[in-house]
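# Provided below for reference: sequence and predicted model.
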Amino acid sequence: MKDVKGRVVLITGAGGGIGRLMALEFAKLGARLVLVDKDGKAAEESAAIARGVGVEARGFELDVTDRPAILALREVVRRDFGRVAVLVNNAGVVFGGPLTKTPWERHKLTYDVNVFGVVAFTHAFLDDMIAEPQAHLVNIASASGFIGLPFGSTYASSKWAVIGFSESVRQELLTDGHKHVKVTTVCPSYIATGMFEGVKGPLLTPILKPQVIVDKIMAAVKAERAWVLEPFMVKLTPLLRGVLPTSLFDWAGKLFGVSTSMMHWRGHNEPAAAAKATASVGASALPN
């Protein structure tokens, strides 16, 4: 979108990390903000920061896997703000570890938040976005959506799903003649937000600073680009996956350290935070 001034922007996982940073950047552009997070206090703190820039902003406590709550939020937003023009599906969780040694509840939570949360919010708000003269959908996926990720199998596959969903929606909008609604899929490598504490970035793939990827996202929205792939090696990954034989691609993944990068994942003070997050399935959506 060329201009978001006065338009309604909804961001999930907005209580911290890149969600909060994106809220601030949209606030600087004059957007009106609806900020959602499982931690209502954190969401309101982000809203207060945005209001400090001089824009309207409210924080909402909401579980992104709770469809009735999402539909209720839509009615509140329609009443108090109007139609959403920009939707940023940012909320996500990550758990590392060997597949069978990782509790089932963590695998389920990963899909509930990372996949069904994205689909639920898009399903709820896309018609309103289509009714706007300009609109933009931003889905935060991952570079792991292009590759296999040992010790992070359900996280990576959830991001594969987000990429496929985003591309399908983008092409559906074009097919239906809704060219004014743009879709951007964001596929970064590891970001230094705490979610990936303990990981080792692959060779030639530095851990990204949050503000760097936020700047790239904002530039992509303004330029209406379909993809954000960062850092540089991520841009090459889809090409290499397509042209290299599987055995050679596997060898390259081992050589560059991709296949072992999640081996020592600790996350947000793992295991304490992870155990708390899985105590109630579907009740957590940690911001990226």
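Happy to help now that I have it.
# which stretches of the protein form helices?
17-28, 40-51, 67-80, 104-111, 117-131, 153-175, 210-223, 232-243, 246-256, 272-277 (DSSP state H).
# helices or strands next to the longest strand along the chain in the packing?
For the chain, the longest strand by residue count, based on DSSP state E, is strand 181-188. Contacts defined by 3 or more CB pairs under 8 Å, 6 or more residues apart in numbering; DSSP states H and E place strand 181-188 against helix 117-131, strand 135-140, helix 153-175, helix 210-223, strand 227-230. In this view, the C-beta of every residue, glycine as well, is placed from N, C-alpha and C.
# now the angle between helix 117-131 and that strand, please.
150 degrees (axes from the mean of the first three to the mean of the last three CA atoms, to 10 degrees).
# Pick the most deeply packed of the helices and strands packed on strand 181-188.
strand 135-140 (a mean of 25; mean count of other CB atoms under 10 Å).
# For S247, which residues are in contact?
Residues near S247 by CB atoms under 8 Å, 6 or more residues apart in numbering: none.
# distance of it from P238?
19 Å (CB to CB, to the nearest Å).
# hang on, the earlier thing: in the sheet, which strands lie alongside the longest strand of the chain, parallel or antiparallel?
Strand 181-188 pairs in its sheet with strand 135-140 (parallel), strand 227-230 (parallel), by DSSP bridges.
# Tell me where the model's unsure across the stretch 1-150 of the chain.
Within the stretch 1-150 of the chain, no stretch falls below the threshold (pLDDT under 70).
# of the helices and strands packed on strand 181-188, which approaches G267 most closely?
helix 153-175 (10.4 Å; CB to CB).
# rewinding a little: and the strands paired with strand 181-188 as TSV, adding distance to F151?
Output for those, formatted as TSV (distance: least, CB to CB, whole Å):
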stretch	distance to F151
strand 135-140	21
strand 227-230	22
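# Can you say which of those strands is nearest to G152?
Going by CB to CB, the one of the strands paired with strand 181-188 nearest G152 is strand 135-140, 15.9 Å.
# Determine how far the closest one lies from the middle of the whole chain.
Relative to its chain's centre, strand 135-140 lies at 9 Å (CA atoms, centre = their mean, to the nearest Å).
# With stretch 165-174 instead?
That offset, for stretch 165-174, works out to 17 Å (CA atoms, centre = their mean).
# Averaged pLDDT, it. What do you get?
What stretch 165-174 shows for mean pLDDT is 98.
# For K254, which of the helices and strands packed on strand 181-188 is the nearest?
That would be helix 153-175 among the helices and strands packed on strand 181-188, by CB to CB, at 16.0 Å.
# and N139, bridged to which residues?
N89, T185.
# residues contacting it?
Contacts of N139 by CB under 8 Å, 6+ apart are 89, 118, 122, 162, 165-166, 183-186.
# mind giving me JSON lines with those residues and columns for distance to F232?
Formatted as JSON lines, these follow (distance: CB to CB, whole Å):
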{"residue": "N89", "distance to F232": "25"}
{"residue": "V118", "distance to F232": "26"}
{"residue": "T122", "distance to F232": "29"}
{"residue": "V162", "distance to F232": "22"}
{"residue": "F165", "distance to F232": "26"}
{"residue": "S166", "distance to F232": "22"}
{"residue": "V183", "distance to F232": "23"}
{"residue": "T184", "distance to F232": "19"}
{"residue": "T185", "distance to F232": "18"}
{"residue": "V186", "distance to F232": "15"}
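# Report pLDDT for the residue lying closest to I130 once chain neighbours are set aside.
Distances taken as CB to CB, 6 or more residues apart in numbering put H178 closest to I130, at 5.3 Å, once the chain neighbours are dropped. pLDDT for H178: 98.
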